[in-house]
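1. Build the 3D model from these lines:
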Amino acid sequence: MPLLLSLVLLLWLTPAAGAGATTVTVLTIDGAISPASADYLARGLKRAADSGSRLVVLKMDTPGGLDTAMRDMIKGILASPVPVATFVAPSGARAASAGTYILYARHVAAMAPGTNLGAASPVQIGLGGHENDPAAPPAPGGSAPDATPPASSSQPSTMTLKQFHDASAYIRSLAQLRGRNAEWAERAVREAVSLSADDALKLHVVDVIAADVGDLLERVQGRRVSVNGATVVIDVAGAAIVPFEPDWRTRLLFAIASPSLALILMMLGVYGLLFEFSSPGYVLPGVVGAICLVLGLFALQMLPFTYAGLGLILLGVAFFVAEVFVPLSGALAVGGLVAFVIGATILIDTEALGDGVSLPLVLTIAGASAVFILVVVGMAVKARRQPVVSGAEELAGDRGEVLADFTGEGWATIHGETWRVRSAVPLAQGQPVLVTRIEGLTLDVEPLTLERNT
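-> Now for the predicted structure:
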């Protein structure tokens, strides 16, 4: 009996010990900051909080990105119950523009040797301004010219000044919140300056320089940080490193949300729709243009996840229905399938559904939906195009027999029913007639001459 009780106690305690294992969640962003980056970070932070991770390490190598996505990421970090360490790595990586703001928002900022950060001036995507204009609207997406124009140049516009002041105040507030070098942060915005890893450590822009994630954990062990107003001691001694890899959905969204691809999608969308409107009937340019335009708006974060996904799904359904009514080479059906799959991918949060939604399942649902819509709507259209077999409209062209002699109007039997009929010539009882027109409840008829074989 004591042996049995010991075994039961051991089995009961084992899950509890496993549940309390120290873990560190590692996220990786390699590329431009986009809506996909914000979505990936939000899900990673949630996963870390749910699993009880002691620290989140965000490995980052980015040239910058969209201002809105950057601010969403910073809001998520500031609200995270788990301390977050930014790690600009590996060697040769950078945290330029939007990446600098994100680095300043972290509880711990770290860089690998041979990396750099800075050039945080806001610039406008895809549109060039005056050559002396220091910047344009709001997407910290790369470096910009010197924010202090020469005396002979034209003065920057009011909008440019507003954007620079807003960006400067934002990064200064982050620096003050984390106790980092606020003066250099403002220079990164106003003068687009950059720093190497060693210089960033000397100027108190970052906290540590580490060779890899393991080295970083050793250097931050025991460090005190402020998390949601409370002081937390980072304890990651012996912690298991758990990578949070992007799933297929996130990788697809990263590809779509690339700023360069976003501009291409927008242009394809506009030109495709213009071509279709100017030369109706080609269909394919309009289909491609509509899909590209919605994707471009999503990539530039002008449409949120829900609206973009729902819009693409509805667009796909509309293409399926249009394919039935407009018999073409299948361009609408193919476009509908593509729009439906991408819309479902954007709309469905795979992590929120437990084990996630697999790509084959999305494709299966899309294919089944396409077949269902095409078959059902096709049957409805086919039924609509069949000749009328009942009702008053069916009487036109039918034959009947006069019940009594009359001139002008009289009565006749048609389909076993008695109808009031009208004729331009006198008709005799029993004479066969042909219905030519229907007017209310009166039928116009004419004598029917029966052919006889001789």
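2. what stretches of the stretch 301-450 of the chain score poorly on pLDDT?
-> 301, 303-305, 324, 326-330, 348-363, 366, 369-370, 373-374, 376-395, 450 (pLDDT under 70).
3. Apply 90 and report the result again.
-> Regions of the stretch 301-450 of the chain meeting the criterion pLDDT under 90 cover residues 301-400, 404, 407-408, 414-420, 424, 430, 434-443, 448-450.
4. in it, which spans are helices?
-> Remark: helices assigned in the stretch 301-450 of the chain by DSSP state H, counting those that start in this stretch are 305-325, 331-347, 359-385.
5. now swap in the stretch 101-250 of the chain and tell me
-> Going by DSSP H, counting those that start in this stretch, the stretch 101-250 of the chain shows helices at 158-178, 182-190, 197-202, 213-220, 248-256.
6. Could you say which of those is packed most deeply?
-> Comparing the helices of the stretch 101-250 of the chain by mean neighbour count (mean count of other CB atoms under 10 Å), helix 182-190 ranks first with a mean of 21. No exception for glycine: its C-beta is placed from N, CA and C like everyone else's.
7. elements contacting it?
-> Using 3 or more CB pairs under 8 Å, 6 or more residues apart in numbering; DSSP states H and E as the contact test, the elements touching helix 182-190 are helix 98-105, helix 158-178.
8. Please repeat the previous calculation with a cut-off of 7 Å.
-> helix 158-178 (3 or more CB pairs under 7 Å, 6 or more residues apart in numbering; DSSP states H and E).
9. quick one: the helix it packs on to chain centroid distance?
-> 29 Å (CA atoms, centre = their mean, to the nearest Å).
10. How about the contacts made by L78?
-> Taking CB atoms under 7 Å, 6 or more residues apart in numbering, we find L78 in contact with A105.
11. can you tell me the helix or strand for it?
-> helix 67-79 (DSSP states H and E).
12. What's the first helix or strand after that helix?
-> Immediately after helix 67-79, counting by DSSP H and E, sits strand 84-88.
13. Of all the helices of the stretch 101-250 of the chain, which one is nearest V82?
-> When the helices of the stretch 101-250 of the chain are compared for distance to V82 using CB to CB, the nearest one is helix 213-220, at 13.3 Å.
14. Next, the angle strand 84-88 makes with the closest one.
-> In terms of direction (axes from the mean of the first three to the mean of the last three CA atoms, to 10 degrees), helix 213-220 departs from strand 84-88 by 130 degrees.
15. still on that earlier bit, buried residues in the helix holding L78?
-> Within helix 67-79, the residues that qualify as buried are 67-74, 76-78, counting by 16 or more other CB atoms under 10 Å.
16. Kindly report the same for stretch 331-340.
-> Neighbour-count burial for stretch 331-340 [16+ other CB under 10 Å]: 331-333, 335-340.
17. just stretch 279-290 next, same as before
-> 283-290.
18. One more: stretch 108-124?
-> For stretch 108-124, by 16+ other CB under 10 Å, it's 108-112, 115-124.
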